[in-house]
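S.K.: just coords:
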């Protein structure tokens with residue numbers, strides 16, 4: 001009989017009866033598998049950690065040694081420990097045992113076992129079960145490897161992005177300061193055409209600076225390094241200040257904004273600057289994605305143990321299939337009949353992370369051609385979240 005190939009799957013056999021081990025090893029060699037063997041619970045556990053087999057075949061009743069359980073349950077305890085350890089958790093486990101009670105099968109499932117065969121086992125059935133579990137393990141391992149590589153690439157991209165952003169902010173600040181001085185006439189008089197071009201360049205530079213700030217805030221929130229500066233906010237005053245700040249931009253676009261505050265809208269505690277940027281992004285989106293003049297309504301009311309703030313517009317709306325996508329980083333959506341999006345796909349990501357940093361949530365209700373309602377629910381006071389979310 002030819003020896004199994006060097007790269008053949010390795011199977012760990014754990015049984016305290018040498019004849020059983022020899023029988024299983026011979027059968028597995030015929031099927032093309034390599035084997036290693038243990039005769040008690042502790043050695044089976046140690047060998048699994050050391051050899052990292054592709055599959056384990058465990059007897060249930062074998063010497064438990066230092067496992068702290070009865071010999072009759074040693075196999076169950078070995079399986080439990082394998083499944084709890086990240087190094088061995090994905091190794092499939094088949095119990096091959098003389099035990100055949102329903103209670104033993106339940107214990108095998110509870111321990112994390114993947115299959116259960118009774119002695120004397122059928123060699124063909126065992127082979128079929130093993131092939132199935134090994135295929136599943138290969139697929140799972142490949143998926144896990146792909147996810148790991150994707151996370152590594154995302155980290156490289158995020159690190160590069162943060163480096164570029166930090167390097168961009170200083171020169172851009174200097175550009176803005178210079179443009180402001182030129183517009184103010186500090187370097188001599190400028191005519192109306194020149195002033196219009198300079199003001200436009202200044203506006204675009206401020207948009208770029210806001211994008212850089214979004215990137216920096218997103219990075220800090222994702223790393224858990226953003227400290228909130230909470231303070232009491234009165235809903236009516238907060239929304240009124242937003243309407244006032246955006247009045248000129250809405251007027252220039254032929255659009256309008258109003259506010260509605262319910263009498264039960266409570267005073268709440270939040271980071272004012274962060275929240276202003278959240279609603280600034282929502283208002284900017286309402287203007288950017290509209291086919292023409294748009295009306296925006298900002299409202300506030302009590303909702304359970306918190307406050308519900310809404311930005312509603314009568315713009316083109318968002319199809320249902322995009323309503324979760326738009327909150328993901330770097331995702332943009334081109335609306336039906338609308339202009340090609342010029343955004344980075346970060347504005348709504350920033351909104352989601354900033355709201356979640358307060359212990360709240362943000363979502364959209366919309367239908368294509370029927371406008372959009374972006375809802376922000378916040379607790380009365382921010383809920384601190386740990387690094388694991």
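M.R.: Nice, thanks for sending it over. This one's a predicted model, so the numbers in the text were calculated from it and none came from an experiment. Numbering: from 1, shown residues only.

S.K.: where do the strands sit along the stretch 1-150 of the chain?
M.R.: 10-14, 34-38, 55-58, 93-97, 115-118 (DSSP state E, counting those that start in this stretch).

S.K.: any stretches of the stretch 51-200 of the chain with poor pLDDT?
M.R.: Along the stretch 51-200 of the chain, the parts satisfying pLDDT under 70 run over 157, 160-166.

S.K.: the helices in it, which residues?
M.R.: Here the stretch 51-200 of the chain has its helices, by DSSP state H, counting those that start in this stretch, at 74-84, 102-111, 123-183, 192-222.

S.K.: okay, the ones you listed, which one's buried deepest?
M.R.: Mean neighbours per residue, mean count of other C-beta atoms under 10 Å, is largest over those for helix 74-84, with a mean of 22. (Glycine included, C-beta is placed from N, CA and C.)

S.K.: so for stretch 374-387, mean pLDDT?
M.R.: On average, the pLDDT along stretch 374-387 is 78.

S.K.: go on, stretch 278-289?
M.R.: Here the average pLDDT along stretch 278-289 is 87.

S.K.: which residues sit against that stretch?
M.R.: 214, 242, 246, 249-250, 253, 255, 257, 294, 296, 298, 309, 311, 313, 315-316, 335, 338-339, 341-343, 347-348, 350-351, 354-355, 362, 372, 374, 376 (C-beta atoms under 8 Å, 6 or more residues apart in numbering).

S.K.: quick one: residues contacting residue 127.
M.R.: For residue 127, the contacting residues are 27, 31, by C-beta under 8 Å, 6+ apart.

S.K.: tell me which residue is most central in the chain.
M.R.: With distances taken as C-alpha atoms, centre = their mean, residue 328 lies nearest the centre of the chain, 9.1 Å away.

S.K.: burial count for residue 87?
M.R.: Around residue 87 there are 10 other residues, counting by other C-beta atoms under 10 Å.

S.K.: filter the contacts of stretch 278-289 to the buried ones?
M.R.: 214, 242, 246, 250, 253, 255, 257, 294, 296, 298, 309, 311, 313, 315-316, 335, 343, 347-348, 350-351, 354-355, 362, 372, 374, 376 (16 or more other C-beta atoms under 10 Å).

S.K.: so of the contacts of stretch 278-289, which ones are in helices?
M.R.: Of the contacts of stretch 278-289, the ones assigned to helices by DSSP state H are 214, 242, 249, 250, 347, 348, 350, 351, 354, 355.

S.K.: adding distance to residue 290, write the helices of the stretch 51-200 of the chain out as JSON lines.
M.R.: Shown next, in JSON lines, are the helices of the stretch 51-200 of the chain (distance: least, C-beta to C-beta, whole Å):
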{"stretch": "helix 74-84", "distance to residue 290": "54"}
{"stretch": "helix 102-111", "distance to residue 290": "57"}
{"stretch": "helix 123-183", "distance to residue 290": "27"}
{"stretch": "helix 192-222", "distance to residue 290": "17"}
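
S.K.: out of those, which comes closest to residue 48?
M.R.: Closest approach to residue 48 among those is made by helix 74-84 (5.8 Å; C-beta to C-beta).
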